[in-house]
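Engineer: Structure for this input, please:
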Amino acid sequence: MAHANLEKTRLGDTGLSVSPICFGTSALGNMPDTYGYEVGEAQAHETVRAIFDGPVNFLDVSRNYGFGRSERRIGDVIRERGGLPEGFVVSTKLDRASDDRFDVDRVRRSLEESLQALGLEKVQILHLHDPEYAASPDDVTRKGGSVDELFKMKEEGLADAVGLAAGRTDIMMPILRDWDFDVLITHNRFTLTNRHAEEMIDFATGKGTAVFNAAPYSGGVLAKGSAEFPRYVYQQASDEALDPVRRVEAVCAKYNIPPGAAALQFSMRDDRIASTICGVSKPERITQTLEWAAFPIPDEAWAELLALPYETGDPEANRDYVLG
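Structural biologist: Numbering: from 1, shown residues only. From the prediction side, this is the model:
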């Protein structure tokens, strides 16, 4: 099997270096409303063990994934192993309360809950997550609000790097302009079928903020296939919504390329992307991801793939988001 280049990227002056692939672990919290399938505890534990045993040194989670189940299941394996593997990077997120309260007290409690679940005294990367859903946006961005508290947590040594992880670029951009984050996460908005985050990625990298690109498979359909998994960005999809995916699949079929390999490498080959976050729900997906990262794709195929039309609107504009 060919091996992908997994040379790590240094994240500014944070002291952290991350592999070009990061494993997203939201599905490990058992989120059938989002993904359309169940993930039991034993399967989640086996997946985390496989991540720790592999060449990737980076995983991403959130306090709200599975109402805390993702962090707890990861923490089970961290405790089982007596701590994180040396050089491993855990990224988690400050999340709003169930009533959408997102004030300073809530973000402090969110971090406490994360550290307790993970069995850690600190995390390497800590994001403010989904501020667009805050009941009071002013609680997030005002002087002394949640963003300021995030940076205070870094000063206190509770995180080595801080970032912004959200969906709506119109919410993210003003925050990115006003604060100097180490990193950011965008998801579903820079893929083979959609380039909504292009301008934001340029802005962030121009500021020296490292960009992590999550959900390169558009919620799984580019990995599993439109026939088997007719969902787009976590929702059942119409034929019209699946048309861009089917165009990608047609080019890949012509060159005998797994669409998932093309979708993953589209992100990995972009110099602006420090790491691509790929969701996994079982150990086999880890092996598959590494194989796709190394799959040979000829220049002629790239020329056709990059010439395909793509969307620039927000792919989640009509998403019915269900917390947890």
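Engineer: can we go C-alpha only for contacts and neighbour counts from here?
Structural biologist: OK.
Engineer: Would you map the strands across the stretch 151-300 of the chain?
Structural biologist: For the stretch 151-300 of the chain, applying DSSP state E, counting those that start in this stretch gives strands covering 159-165, 183-187, 210-214, 231-232, 235-236, 273-279.
Engineer: Report the rounded mean pLDDT for the second one.
Structural biologist: In other words, strand 183-187. pLDDT averaged over strand 183-187 equals 98, rounded to a whole number.
Engineer: And the fifth one, by the same measure?
Structural biologist: In this model, strand 235-236 has an average pLDDT of 87.
Engineer: Paired strands for it, with orientation please.
Structural biologist: Partner strands and pairing direction for strand 235-236 (DSSP bridges) are strand 231-232 (antiparallel).
Engineer: Contacts for the strand it pairs with, please.
Structural biologist: Outside of strand 231-232, the residues that reach it under the criterion CA atoms under 8 Å, 6 or more residues apart in numbering are 218-221, 237, 241-242.
Engineer: Same check on stretch 136-154?
Structural biologist: Residues external to stretch 136-154 that are found in contact with it (CA under 8 Å, 6+ apart): 101-104, 107, 126-128, 131, 134, 159-162, 175.
Engineer: if we can go back for a sec, compare the strands of the stretch 151-300 of the chain and give me the one nearest residue 300.
Structural biologist: Comparing those by their distance to residue 300 (CA to CA), the top pick is strand 273-279, with 22.9 Å.
Engineer: returning to what we had before: Produce a ChimeraX select command limited to the buried residues of the contacts of strand 231-232.
Structural biologist: Only the buried members of the contacts of strand 231-232 end up in this ChimeraX selection, burial being decided by 16 or more other CA atoms under 10 Å:
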select :218,219,220,221,237,242
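Engineer: Would you point out the most distant pair within the contacts of strand 231-232?
Structural biologist: With distances taken as CA to CA, the most widely separated pair in those is 220 and 241, at 13.9 Å.
Engineer: hmm, back to that, could you dump the strands of the stretch 151-300 of the chain to JSON lines with distance to residue 113 and mean neighbour count?
Structural biologist: As requested, the strands of the stretch 151-300 of the chain are exported to JSON lines (distance: least, CA to CA, whole Å; neighbours: other CA atoms under 10 Å):
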{"stretch": "strand 159-165", "distance to residue 113": "15", "mean neighbour count": "25"}
{"stretch": "strand 183-187", "distance to residue 113": "21", "mean neighbour count": "23"}
{"stretch": "strand 210-214", "distance to residue 113": "24", "mean neighbour count": "25"}
{"stretch": "strand 231-232", "distance to residue 113": "32", "mean neighbour count": "23"}
{"stretch": "strand 235-236", "distance to residue 113": "29", "mean neighbour count": "15"}
{"stretch": "strand 273-279", "distance to residue 113": "22", "mean neighbour count": "24"}
